[in-house]
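Asker: next comes the sequence, and after it the predicted model I'd like to discuss.
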Amino acid sequence: MSARRIVAALVRHGDYHQPDQVPSAQLPHPLTERGVGQARTLGQTLHEECGALGLTLDPVLDCSTLLRASQTASLAAEVLGRLDPARSFTIAEFLELGERSVGAGANLTVGAIAEAIKADPRYPELPAGWKAHPRFRLPLAGAESLMMAGARVAAHIEGRIHQLRTTPGPDVLKVFISHGGALRHAAVCMGALALDDVPGLSMYHCGHVLMEHSEPDRWRQIGGAWKVRPAASAAD
């Protein structure tokens, strides 16, 4: 008997009320009206992806605990339930799926973070482009680098996929609703993206990328799309 096929959908949350010049990080703000519409469209899109690939959608949508991701998951689950009324879709929130944390710099503008570091005699000034540097971590309590966040998200995804792989069932699509910076760097940790390619890629709001485990410690993209952008404009 062949092993069940398991595909992971890496999904970014919808558009949300992000204050100007404040890193996304762990911001608590809700979806905009546009983001609500994007989340509902996501439910339809996931339903169609399952049909095209001959997969069954796992009934639990994993998401970040941040409001924008939780709302995205809930709205998508509502639509999925209407499209497949014989099944019940729920969400499960996980801290592990959160965006890269800026720690004690949370809710500060980029300029205010730079001023705080400059005023602290223990630290050098922040390097140019620090937000997008994959291995740079702010010298603030609780802060992470993008690669640290990516490793955290990748570990959650691979752990949940392992649970499915060791459980009998139909071929399945498992949904993970998280955040753009964390997901891109998770894909690096999963062997599906080269780190050098990341600065030129982003994710659309409620955009998705489908990943399938192809060999030990490596995944490959089989569907969906990254948002391509000039490397010079890279930001988290």
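Answerer: Everything's here; your move.

Asker: can I have the helix or strand of the chain with the lowest mean pLDDT written out in CSV, keeping just the CAs?
Answerer: Lowest on mean pLDDT, DSSP states H and E among the helices and strands of the chain sits strand 208-215, with a mean of 90. C-alpha atoms of strand 208-215 as CSV (Å, rounded to 0.1, in the frame of the first residue of the first chain):
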residue,chain,number,x,y,z
HIS,A,208,-0.4,30.7,-1.1
VAL,A,209,2.4,28.3,-2.1
LEU,A,210,1.9,24.5,-2.2
MET,A,211,4.7,22.3,-0.9
GLU,A,212,5.2,18.6,-1.1
HIS,A,213,7.8,16.5,0.7
SER,A,214,10.0,15.1,-2.1
GLU,A,215,13.0,13.5,-0.3
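
Asker: pairing partners for that strand, with directions?
Answerer: Paired neighbours of strand 208-215 in the sheet (DSSP bridges): strand 6-12 (antiparallel), strand 218-224 (antiparallel).

Asker: check what contacts the helix or strand that the last one is followed by and list those residues.
Answerer: Meaning strand 218-224. Using DSSP states H and E, the helix or strand that follows strand 218-224 in sequence is strand 227-228. Residues outside strand 227-228 that contact it (CB atoms under 8 Å, 6 or more residues apart in numbering): 200, 201, 202, 203, 204, 207. In short, each C-beta sits where N, CA and C put it, glycine included.

Asker: again with stretch 109-119
Answerer: In contact with stretch 109-119 (CB under 8 Å, 6+ apart) are residues 19-23, 102, 105, 108, 123, 125-126, 131, 138-140.

Asker: ok, stretch 84-91 next?
Answerer: 47, 57, 59-63, 70, 73-74, 77-78, 80-81.

Asker: run the last query once more with 6 Å
Answerer: 59, 60, 61, 63, 73, 74, 77, 80, 81 (CB atoms under 6 Å, 6 or more residues apart in numbering).

Asker: now the residue lying closest to residue 20 once chain neighbours are set aside: how far from residue 163?
Answerer: Of all residues not flanking residue 20 in the chain, residue 109 sits nearest, at 7.7 Å (CB to CB, 6 or more residues apart in numbering). According to CB to CB, to the nearest Å, residue 109 stands 40 Å off from residue 163.

Asker: higher neighbour count, those two?
Answerer: residue 109 (14 against 11; other CB atoms under 10 Å).

Asker: related to what we said a few turns ago, report the buried members of the contacts of stretch 109-119.
Answerer: By neighbour count, with 16 or more other CB atoms under 10 Å, those hold 22, 23, 102, 105, 108, 126, 131, 138, 140 as buried.

Asker: which parts of stretch 185-199 are buried?
Answerer: 185, 186, 187, 188, 189, 190, 191, 192, 193, 195, 198, 199.

Asker: same question for stretch 197-212.
Answerer: For stretch 197-212, a neighbour-count test (16+ other CB under 10 Å) marks 198-199, 201-203, 205-212 as buried.

Asker: please consider this matter closed, and thank you.
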